[in-house]
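Trainee: What shape does this take:
(chains A and B)
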Amino acid sequence: MNRGQKNCSASSAKNSCFPKNRRGTDKIMSVYWFVILFIVTGAVVYMVGVFYGNPYDVREVEANVLINHIADCVAEGGYLNKEVIDDEGKFLLNNDNFMDVCNLNFNVEDFKRWQEQEQYYVEVKVFGIAKGNINLKLDCDKEGKNFPVCVERSFYVLDEKGKSYEIKILSVVRKTEKNVQ
Amino acid sequence: MKKRFKKGNILIENVIFIVLTLFFLTILILFVVSKMGSAAVLEEKYAKQIALIIDSSKPDMIMVLTMEDVFEKAEKENFDFSKVVSIQENVVNVKLREGAGYSYSFFNNIEIDNIYQDGNKYVFSIGGYK
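Mentor: Numbers count the residues shown, from 1 in each chain, chains lettered A, B, ... in the order given. Have a look, this model is predicted:
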């Protein structure tokens, strides 16, 4: 037998392989197990609370839908709509009639002073249109959930004479309080 | 006799330990399930979903939205199904219990001709532009 190895086969109690204080160890194990259980439960409860406590952030989707809406208003099938450009190539769409022509309504629900400052901003560069709360544009280069979401997309269209235009649309949606905790 | 008593003691300890663990896990699962299907979460989810659907809609469309979980919740809360979704001007409100519900606005300046409940679905009949 090697040095230090116990004689397990011996029947005498003195040479037993099992520690005498085994029941004590079991108790320590169950306390340890419950501590782990509490930690795991705490972590799950915290994560579920954080996940379901956070509102769904739909601002990026909303900004993209807004761009799609404006694009549909300005052009169809790759050509500029007759409502936005006349036969001589003069733009009919401007800041004054943009909301009516494109059927937009930037009114929002009465929530945390939202009605005092507009929650949307839209820019359509070719036409020189800028509508909504221009202050929101200043936060576009900032990163972080608490800033408005800015989406810019562009596409090319033709007028009746075959002249091409690049339409750049910038849409900004704030609504921070309902989309970020 | 002494040996017998010891064995029984160990069994009871184990049973208590397993029962406590199961009890703990059951409470945990119940908490997660209750959070997942809570009225506040459903109200927010559907208010935003409906607002985005209306934003993407074109005149004369009919939108059908399945809201089975909402109706189950409203039934539990004894809330009238027909009052779950309402639209005033350009704000959607979803309510599953007595209270203010959850509101979200849409930017599409379109007329909503009719909203009605059909089984576990809500039907949105879109009119023309205002």
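
Trainee: wait, does whichever strand or helix holds A:L170 make contact with chain B?
Mentor: According to DSSP states H and E, A:L170 maps onto strand A:164-173. No: Strand A:164-173 is not in contact with chain B by Cβ under 8 Å from any Cβ of the partner chain; minimum separation 9.0 Å. For every residue, glycine as well, the C-beta is placed using N, CA and C.

Trainee: What ranges in chain B fall below the confidence cut-off?
Mentor: Chain B contains residues with pLDDT under 70 at B:1-10.

Trainee: Following element in sequence after the longest helix seen in it, please.
Mentor: For chain B, the helix with the greatest residue count under DSSP state H is helix B:2-36. Scanning forward in sequence from helix B:2-36 by DSSP H and E, the next helix or strand is helix B:39-56.

Trainee: count of neighbours near A:F98?
Mentor: Residues lying near A:F98 (other Cβ atoms under 10 Å in any protein chain shown) number 20.

Trainee: Isn't it up against A:F106?
Mentor: No: at 11.0 Å, A:F98 does not count as touching A:F106 under the criterion of Cβ atoms under 8 Å.

Trainee: on that earlier part again, what's the average pLDDT for the strand holding A:L170?
Mentor: Strand A:164-173 shows a mean pLDDT of 94.

Trainee: Show me which residues of that strand are buried.
Mentor: By 16 or more other Cβ atoms under 10 Å in any protein chain shown, the buried positions in strand A:164-173 come out as A:165, A:167, A:169-173.

Trainee: Between which two of those is the distance greatest?
Mentor: Greatest spatial distance among the buried residues of strand A:164-173 (Cβ to Cβ): A:Y165 and A:V173, at 25.3 Å.

Trainee: how about the residues of chain B that lie near chain A?
Mentor: Listed as neighbours of chain A in chain B under the rule Cβ under 8 Å from any Cβ: B:13, B:17, B:20-21, B:24, B:28, B:31-32, B:35-36, B:38, B:41, B:44-45, B:48, B:52, B:55-56, B:89-91, B:103-105, B:107-110, B:129-130.

Trainee: Give me the buried entries from the residues you listed.
Mentor: The buried subset of the residues of chain B next to chain A (16+ other Cβ under 10 Å) comprises B:28, B:35, B:41, B:44-45, B:48, B:52, B:55-56, B:90-91, B:103-105, B:107-110.
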